[in-house]
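Chemist: fold the stuff below for me.
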Amino acid sequence: VQLQASGGGLVQAGGSLRLSCAASGRTFGNYAVGWFRQAPGKEREFVAAISWSGHSTYYADSVKGRFTISRDNAENTVYLQMNSLKPEDTAVYYCAADRTILPGEVRSYDYWGQGTQVTVSS
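Modeler: Numbers count the residues shown, from 1 in each chain. Model (predicted):
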């Protein structure tokens, strides 16, 4: 499966962005999807994940209550709605997928998109 992340940009603190992860190739509905982010000089960290059906979602503590992950399997797309953004949310955001995942584990995902930059100004 090929993944394309988009929707990043520059936003002021308190603002919102919606990231999209569009998939092509194999049957996307069979894959769980996660979002990760990586800030300069830091390791890639887990943000959110969603099961193949969309019935189960998982969030990092740092984004709970502010970010929402969802998916539209008919459109082969997973979304990350980010509200109440903070400067510490600034990073390159990546989407990743696999059939079976440990949601927060980078190594659990075999397929990765190219990343989209999110910058939150104070």
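Chemist: what's the helix or strand for the residue positioned nearest the centre of the chain?
Modeler: The residue lying closest to the centre of the chain (Cα atoms, centre = their mean) is Trp35, at 2.5 Å. In the assignment (DSSP states H and E), Trp35 maps to strand 32-38.
Chemist: ok so, going back, look up how far Cys21 lies from the spatially closest residue to the residue nearest to the centre of the chain that is not a sequence neighbour.
Modeler: With sequence-adjacent residues excluded and distances taken as Cβ to Cβ, 6 or more residues apart in numbering, Trp35 is closest to Val47, at 4.3 Å. Glycine gets a C-beta too; all of them are placed from N, C-alpha and C. For Val47, the distance to Cys21 equals 12 Å [Cβ to Cβ, to the nearest Å].
Chemist: before we move on, what about Thr77?
Modeler: Note on Thr77: its distance to Cys21, by Cβ to Cβ, is 7 Å.
Chemist: which of the two has more residues huddled nearby?
Modeler: Cys21 (27 against 18; other Cβ atoms under 10 Å).
Chemist: can you pull the contacts of that one?
Modeler: By Cβ atoms under 8 Å, 6 or more residues apart in numbering, the residues touching Cys21 are 3-5, 33, 35, 77-80, 95, 113.
Chemist: format those as CSV; extra columns: distance to Phe67, pLDDT and secondary structure.
Modeler: Shown next, in CSV, are these (distance: Cβ to Cβ, whole Å; pLDDT from 0 to 100; DSSP: H, G, I helix; E, B strand; the rest coil):
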residue, distance to Phe67, pLDDT, secondary structure
Leu3, 18, 95, strand
Gln4, 20, 96, strand
Ala5, 15, 97, strand
Val33, 14, 96, strand
Trp35, 8, 98, strand
Thr77, 16, 96, strand
Val78, 12, 97, strand
Tyr79, 10, 98, strand
Leu80, 6, 98, strand
Cys95, 13, 97, strand
Gly113, 17, 95, coil
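Chemist: identify the bridge partners of the residue nearest to Asp89 when sequence neighbours are not counted.
Modeler: Spatial nearest neighbour of Asp89, chain neighbours left out: Val120 (5.2 Å); criterion: Cβ to Cβ, 6+ apart. When bridges are called by DSSP bridges, Val120 pairs up with Val11.
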